[in-house]
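> build me a model from this:
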Amino acid sequence: MTKGFPWPHRFPVRVYFEDTDAGGIAYHATYLRWAERARTESLRAIDLPHQLMIQDYASLLVVRRIEVEYVAPARLDEPLIVETSVCRLRGASVDLDQVVREEGGGVKASLKVGLVCVRAEGMRPVAIPEPWRSALRDALGQGA
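Numbers count the residues shown, from 1 in each chain. Predicted coordinates for the structure are as follows:
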């Protein structure tokens, strides 16, 4: 069902006017939106989108915690890449590293994200279902 690819997953974004303040610098919360999109697309890239987990297992991955270190400002019209790597996998949770980079490699921000799998009904933790578990295990340790 899944198609593999080498991790980290890379997702391109661009800094649009709506992402910035009056000085043309990306708002701090914009990085969270970019990271969310990149996580979503990393699952879609392995043919395991969120919607399938909801539909087939009545479960979903939600953010439990997130830590962001802002390194350099992202500016209006700048093309960026969000890299997503799996760094830890447990029964009901997965920890990711995400890095927002310039296309040339310079780091703009780094994020540590903790996700937990919960049952849609009641939002109680539940084991990450197969085939997500195997795909995330395969990704573990690959990448940056």
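> nearest residue to residue 120 other than its sequence neighbours?
Spatial nearest neighbour of residue 120, chain neighbours left out: residue 58 (4.7 Å); criterion: C-beta to C-beta, 6 or more residues apart in numbering. Any C-beta I mention is one placed from the backbone N, CA and C, and that applies to glycine too.
> got the contact list for the residue nearest to the spatial centre of the chain?
Nearest to the mean C-alpha position of the chain, counting by C-alpha atoms, centre = their mean, stands residue 39 at 2.6 Å. By C-beta atoms under 8 Å, 6 or more residues apart in numbering, the contact set of residue 39 is 84, 96, 98, 113, 115.
> quick check: buried residues in the helix ranked longest in the chain?
The longest helix of the chain (DSSP state H) is helix 28-45. Going by neighbour count (16 or more other C-beta atoms under 10 Å), the buried part of helix 28-45 is 30-32, 34-35, 38-43, 45.
> with pLDDT and distance to residue 123 added, can I get those residues in CSV?
Formatted as CSV, the buried residues of helix 28-45 follow (pLDDT from 0 to 100; distance: C-beta to C-beta, whole Å):
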residue, pLDDT, distance to residue 123
30, 98, 27
31, 98, 25
32, 98, 20
34, 98, 25
35, 98, 21
38, 98, 24
39, 97, 19
40, 96, 19
41, 96, 24
42, 96, 23
43, 95, 19
45, 93, 26
